[in-house]
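# My questions are about this predicted structure, shown below with the sequence.
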Amino acid sequence: MELLGTVREIRQAVKAARLAGKRVGLVPTMGYLHDGHLSLMREARQASDFVVVSIFVNPTQFGPNEDLSRYPRDLDRDLALCAAVPVDAVFHPEVGDVYPQPFLTSVRVAKLTEGLCGASRPGHFEGVATVVAKLFNIVRPDVAFFGQKDAQQLAVIRRMALDLNLDDIAIRAVPTAREADGLAMSSRNVYLSPPERQAALVLSRALKAAGEQVAGGIRDMAALADSVRAQIAAEPLADIDYVSIVDYDTLQPLERLEHGRALAAVAVRFGKTRLIDNCILEAQ
């Protein structure tokens, strides 16, 4: 496994892989890896011949009230986990190599970024779309892997790739990885106190109940959203940012689900830690 720190180095490694006839897979991460990230890497290992993992804490997706310096980092541990999969290359650039100064360009995806997390984190998805567009152009993978837990991010990246003619890159969604008790894996879970960690289980319980209600014939999504919200609000340590049920593709609010797929998405704070989770609702 190679550790590569510059754009020139990763491009040379990918070029050599392509000359050898290898299919290139990319797993973009911000590091502090957990089993959710590893599930993406394992999927990439199965679906491609040369697996690149990027580890880059992207400053442009942090808002003014979000502490970039507080984001957890442990490169040595991350590299050991990558080597165990194994992956072929880890791209770990400096900020100045990704964003040469002055940096004057950004990528903004309209509409998909206005609701859900976009409402309370202005500029976040612009930072995400910009850095992923750069990674796509640097690595030029055949396929890139993203977790379903970040469903809005996934929708934004898919649209960005389509609009910017990067649609020759296949974007593969990997199901949300969960702890044994149902909590969605996240690098931010380490910030939860034991009582907050226990309280956070209300998210997966409420979403699971929503899925069961749709499977049982419920089609009124506004009422279902109220039910999910009430279940979460009953947990004293939960401070709700949003509970929304939206069209899976457009992310627009959905009143009824007669056919197709919807996304039930939540963002809730437990203490100072903001967690997101979601589930796909399908009407047969």
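Received the coordinates, thanks. Only a predicted model underlies this, so the values are computations on that prediction, with no experimental measurement involved.
# my read: Ala119 touches Ser244, true?
No. Contact criterion Cβ atoms under 8 Å: Ala119 and Ser244 do not qualify, at 9.5 Å. Heads up, the C-betas are built off the backbone N, CA and C, glycines and all.
# The two: which is more packed in?
Each of Ala119 and Ser244 has its neighbours counted (other Cβ atoms under 10 Å); Ser244 has more, 22 against 13.
# what sits against the more buried one?
When contacts are counted by Cβ atoms under 8 Å, 6 or more residues apart in numbering, Ser244 touches Gly115, Leu116, Ala225, Pro253, Ala264, Ala265, Val266.
# you'd agree it is in a helix?
No. Assigned with DSSP: H, G, I helix; E, B strand; the rest coil, Ser244 falls outside any helix and is strand.
# Contacts only, for Leu68.
Leu68 touches Val57, Pro59, Phe62, counting by Cβ under 8 Å, 6+ apart.
# With neighbour count and distance to Arg77 added, can I get the residues you listed in JSON lines?
Formatted as JSON lines, those follow (neighbours: other Cβ atoms under 10 Å; distance: Cβ to Cβ, whole Å):
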{"residue": "Val57", "neighbour count": "16", "distance to Arg77": "15"}
{"residue": "Pro59", "neighbour count": "13", "distance to Arg77": "22"}
{"residue": "Phe62", "neighbour count": "18", "distance to Arg77": "22"}
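# Give me the number of neighbouring residues for Ile171.
The burial count for Ile171: 19, using other Cβ under 10 Å.
# Pairing partners for it in the sheet, please.
Beta bridges link Ile171 to Ala144 when assigned by DSSP bridges.
# Correct me if wrong: it contacts Leu154.
Yes. Ile171 is within contact range of Leu154, at 7.5 Å (criterion: Cβ under 8 Å).
# shared neighbours of the two, anything?
Phe146.
# now the strands for the stretch 151-284 of the chain?
Secondary structure of the stretch 151-284 of the chain by DSSP state E, counting those that start in this stretch: the strands cover 170-174, 238-247, 260-270, 273-283.
# Any chance of those strands in a markdown table with mean pLDDT and distance to Pro100 as columns?
Output for these, formatted as a markdown table (pLDDT from 0 to 100; distance: least, Cβ to Cβ, whole Å):
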| stretch | mean pLDDT | distance to Pro100 |
| --- | --- | --- |
| strand 170-174 | 98 | 27 |
| strand 238-247 | 98 | 34 |
| strand 260-270 | 97 | 33 |
| strand 273-283 | 96 | 31 |
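# which one of these lies closest to Ser69?
Across the strands of the stretch 151-284 of the chain, Ser69 has its closest neighbour in strand 273-283 (16.1 Å, Cβ to Cβ).
# check contacts around Cys117.
His124, Phe125, Gln152, Ala267, Ile276.
# is it true that the fourth one touches Tyr242?
Yes. Between Ala267 and Tyr242 there is a contact at 5.3 Å, judged by Cβ under 8 Å.
# Now for the two: what residues contact both?
Counting by Cβ under 8 Å, 6+ apart, the contacts common to Ala267 and Tyr242 are Leu116, Ser120.
# So which of those two has more stuff around it?
A side-by-side neighbour count of Ala267 and Tyr242, using other Cβ under 10 Å, places Ala267 first with 21 against 16.
# Now for the closest residue to the more buried one other than its chain neighbours: which residues touch it?
Of all residues not flanking Ala267 in the chain, Asp241 sits nearest, at 4.0 Å (Cβ to Cβ, 6 or more residues apart in numbering). By Cβ under 8 Å, 6+ apart, the contact list for Asp241 reads Ser120, Ala267, Val268, Arg269, Arg274.
# Pull out the buried members of those residues.
Buried members of the contacts of Asp241, scored by 16 or more other Cβ atoms under 10 Å, are Ala267, Val268, Arg274.
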